[in-house]
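**Student:** got a predicted model here, sequence first, then my questions.
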Number of protein chains: 2
Amino acid sequence: MKFAKRMERMQSSEIRELLKLTAQPDIISFAGGLPAPELFPVKEIAKVSHDLVEKEGQQLLQYATTEGRPTLRAKIAARMKDKYHTEVDPDEILITTGSQQCLDFAGKLFLDPGDVVLCESPSYLGALNAFNAYEPTFVEVPTDNVGLIPEELDKILSTTDRCKFIYVIPDFQNPTGRTWSLERRKKFMEVINKHNLPVLEDNPYGELRYEGEILPSLKSMDTKGLVMFLGTFSKIFCPGLRLGWVAASKDVVSEYVKIKQSADLHTSNFDQGIADAYMENYDLDKHVEEIKALYKKRRDLILKTMAEEFPAGTEWTHPEGGLFLWLTFPQGCSADKVFHKCIEMKVAGVTGDAFYPNGKTDRNMRINFSNMPEEKIIEGVKRMAKAIRECM
Amino acid sequence: MKFAKRMERMQSSEIRELLKLTAQPDIISFAGGLPAPELFPVKEIAKVSHDLVEKEGQQLLQYATTEGRPTLRAKIAARMKDKYHTEVDPDEILITTGSQQCLDFAGKLFLDPGDVVLCESPSYLGALNAFNAYEPTFVEVPTDNVGLIPEELDKILSTTDRCKFIYVIPDFQNPTGRTWSLERRKKFMEVINKHNLPVLEDNPYGELRYEGEILPSLKSMDTKGLVMFLGTFSKIFCPGLRLGWVAASKDVVSEYVKIKQSADLHTSNFDQGIADAYMENYDLDKHVEEIKALYKKRRDLILKTMAEEFPAGTEWTHPEGGLFLWLTFPQGCSADKVFHKCIEMKVAGVTGDAFYPNGKTDRNMRINFSNMPEEKIIEGVKRMAKAIRECM
């Protein structure tokens, strides 16, 4: 069989094999991006799903509109206003099969082979893979501790052809855990407006802030309809129901709807109904508070244990929210070497090079702190500290 | 914003607008492809979903493997063997967000712009739209009352470059309702094997046979690993849960898995669990028998009423199963004209030209007979008969 050219670029088996190593059952894994399952509102969802099917089964189990369940779209619009001061109309929202699907659709909507996608350096691996299927060139925009550097973006846009959109995660970025400052957001929007560049603002973790105030979304600062905001229920509710959304201007959403229709007709009507009915009958805000309390505890614990255990010369970010932090190993200590030593010691993170679309051998590792229980966090960090020392 | 070239080819707003007309609430619609909602096992699904969440909520609501729920893949493999005498290993199955997603993925896997997709003439609109996003050229293969004509396919393959795959629906085809004879299947496979052409065998309706025996699937005759079989729970269970699958050789499935991972990570774990637990606790075969009994009754009724009401010169297919039949209006009576007259009279089908990828003005209309209750079938056919007479 002769496959399309794009298949040569799809995620390398190398990374897939590495990730498989991290999924062995006896490993303490900081590698995934999994929420803590012990917080899933299991009893409530059991009741909600039963009652919902009894109440509206014939409609719930039938084909549905591509755009998504109207009452859920209305609730999402209200929540975006409440949490992010971001005003969107329910008609400006398309519900998708997880927010990963929005990434795929953005590639499909914008990219001809050879077009340019801009992204933070480093950026989310899953997004890079999704765009990759549409054969773009990636241009990485330099970042520092307070986010993407707008002056660098301006330079790139002034000298680069075929830039179709920029993909960014301003809040608790994956993989670094960093958050853009308010000043950076404002300057970023100036540059974007100057060049009329569409923006894909991915915000899967925004509500999970453990200190400080939620900063305004880029979408809330958007005066020209350039920003497409991606949201998800995976981190504030549960990911096994595949529920995400894109909020954008009506013209743009209608293009996404065309793509959605040919891609999978519509998002599971059942899953949409469950999220909708849960929010109707229970207090999602209270549930998010419980998640935040646990993840804050785990974040504080991992930061404290790292400070106690890691050898001098190791550095890490201090995320104000989200699920990840970013390690930098001491000079001469490659992430690849540490990774394999870690696997021997039954602990895992993801090596940093996976997050650079144009490749980079580096000394970084992404660490997830939301999924492992406290005693495993302590033990995992201790093992990792030993692995680092052995690689120095 | 500058979109990708493919967006110029996505489903025309014209067809979308026509379909909207058919969805007005006071219309008797033979236009959709909807199952009868009164048969959905609502009570059973209410119970199953409640019990399943209580039993395995933490796992069910978490991220899951891209390939799909292992026990559901095993049940699908067993069912394919039982119903279609088609032997596949559970590892050769990828569970997708409806079988529509398999169509999109096939386009993504095989097609560079300008590659050739072969299909029956006419063929399923939703598949044509899915492939269209990957900018192929469509070559239509002539068909008759017993299916695709293999000799014509052989001629085309001998003279056409860049043929990447053929898309076919051998059982109760959408839109015509026709089924390929056994002899045609054998000859088709000879031609395919001669040219080593990959085959996308779409079988959404195969179990819904109202007379005669189920014929062997193309997949069951495949000796070279060329056939990819697409199945779905939408017609034998319910479509609001988005559950389909592709069964193909392991090498090919692993490519689909890569695509799936970047497209939406995995199919709703909740939906997969419900189908699995339903099949575990209830008798899906018995449920399918109930569906078949009702649809057979509706098929018989619509055929009888058409024979009584339609003016001489109108012809239609006699489907042995599935959801659709195919009307041909009398000479000089265009489908477009009849369609608009029908809408005036509050009845609808889909005009045939939508099913020809390279366009055709014709005298055909696709009629769905599974969704409307009996009294509406009679009234709808009467109205349509009047519309035809007025257009003659």
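**Tutor:** Arrived safely.

**Student:** strands along the stretch 201-350 of chain A, start to end?
**Tutor:** A:227-232, A:244-247, A:315-316, A:324-328, A:347-348, A:350-351 (DSSP state E, counting those that start in this stretch).

**Student:** with mean neighbour count and distance to chain B added, can I get these in a markdown table?
**Tutor:** (Glycine included, C-beta is placed from N, CA and C.) Shown next, in a markdown table, are those (neighbours: other Cβ atoms under 10 Å in any protein chain shown; distance: least, Cβ to the nearest Cβ, whole Å):
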| stretch | mean neighbour count | distance to chain B |
| --- | --- | --- |
| strand A:227-232 | 26 | 10 |
| strand A:244-247 | 27 | 9 |
| strand A:315-316 | 17 | 25 |
| strand A:324-328 | 22 | 15 |
| strand A:347-348 | 26 | 16 |
| strand A:350-351 | 25 | 15 |
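
**Student:** could you dump those strands into a markdown table with distance to A:Arg383 and mean pLDDT added?
**Tutor:** Shown next, in a markdown table, are those (distance: least, Cβ to Cβ, whole Å; pLDDT from 0 to 100):
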| stretch | distance to A:Arg383 | mean pLDDT |
| --- | --- | --- |
| strand A:227-232 | 31 | 98 |
| strand A:244-247 | 34 | 98 |
| strand A:315-316 | 16 | 98 |
| strand A:324-328 | 14 | 98 |
| strand A:347-348 | 4 | 96 |
| strand A:350-351 | 16 | 93 |
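
**Student:** low pLDDT regions in chain A?
**Tutor:** Counting by pLDDT under 70, chain A contains low-confidence ranges at A:11-16.

**Student:** break it into its domains for me.
**Tutor:** For chain A, automatic domain parsing gives the domain ranges A:5-40+A:286-391, A:62-281.

**Student:** leaving out the residues flanking it, which one is nearest to A:Met189?
**Tutor:** Leaving aside its chain neighbours, A:Met189 sits nearest to A:Met221 (4.9 Å; criterion: Cβ to Cβ, 6 or more residues apart in numbering or on different chains).

**Student:** before we move on, the earlier item: out of the strands of the stretch 201-350 of chain A, nearest to B:Trp316?
**Tutor:** Ranking the strands of the stretch 201-350 of chain A by proximity to B:Trp316 (Cβ to Cβ) places strand A:244-247 first, at 42.5 Å.

**Student:** so how far is that closest one off the chain centroid?
**Tutor:** In terms of Cα atoms, centre = their mean, to the nearest Å, the centre of strand A:244-247 is found 13 Å from the chain centre.

**Student:** contacts for it next, please.
**Tutor:** Contact partners of strand A:244-247, identified using Cβ atoms under 8 Å, 6 or more residues apart in numbering or on different chains, comprise A:68, A:73, A:76-77, A:80, A:86, A:88, A:92-102, A:105, A:219, A:228-234, A:253, A:256.

**Student:** coming back round to it: make TSV from the strands of the stretch 201-350 of chain A and add distance to A:Ala307 to it.
**Tutor:** Conversion of these to TSV gives the following (distance: least, Cβ to Cβ, whole Å):
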stretch	distance to A:Ala307
strand A:227-232	32
strand A:244-247	35
strand A:315-316	9
strand A:324-328	12
strand A:347-348	18
strand A:350-351	22
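
**Student:** most tightly packed of the domains of chain A?
**Tutor:** Greatest average neighbour count among the domains of chain A goes to domain A:62-281 (a mean of 21), per mean count of other Cβ atoms under 10 Å in any protein chain shown.

**Student:** end to end on that one, go ahead and measure it.
**Tutor:** End-to-end distance of domain A:62-281 (Cα to Cα, to the nearest Å): 23 Å.

**Student:** who's in contact with A:Asp154?
**Tutor:** A:Val191, A:Lys194, A:His195.

**Student:** next, format those as a markdown table and append secondary structure and distance to chain B.
**Tutor:** A markdown table is the format used below for the contacts of A:Asp154 (DSSP: H, G, I helix; E, B strand; the rest coil; distance: Cβ to the nearest Cβ, whole Å):
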| residue | secondary structure | distance to chain B |
| --- | --- | --- |
| A:Val191 | helix | 17 |
| A:Lys194 | helix | 16 |
| A:His195 | helix | 12 |
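
**Student:** make a markdown table out of the residues you listed and add distance to B:Val350.
**Tutor:** Converted to a markdown table, these look like this (distance: Cβ to Cβ, whole Å):
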| residue | distance to B:Val350 |
| --- | --- |
| A:Val191 | 48 |
| A:Lys194 | 47 |
| A:His195 | 44 |
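
**Student:** nearest to B:His50, of those?
**Tutor:** The nearest one, if we look at these relative to B:His50 and count by Cβ to Cβ, is A:Val191, at 51.6 Å.

**Student:** any idea what sits nearest A:Gln59, other than its immediate chain neighbours?
**Tutor:** Closest to A:Gln59 by Cβ to Cβ, 6+ apart is B:Pro37, at 7.2 Å.

**Student:** sorry, slip of the keys, the one I care about is A:Lys376.
**Tutor:** In space, and not counting its chain neighbours, A:Lys376 is closest to A:Ile28: 4.9 Å by Cβ to Cβ, 6+ apart.
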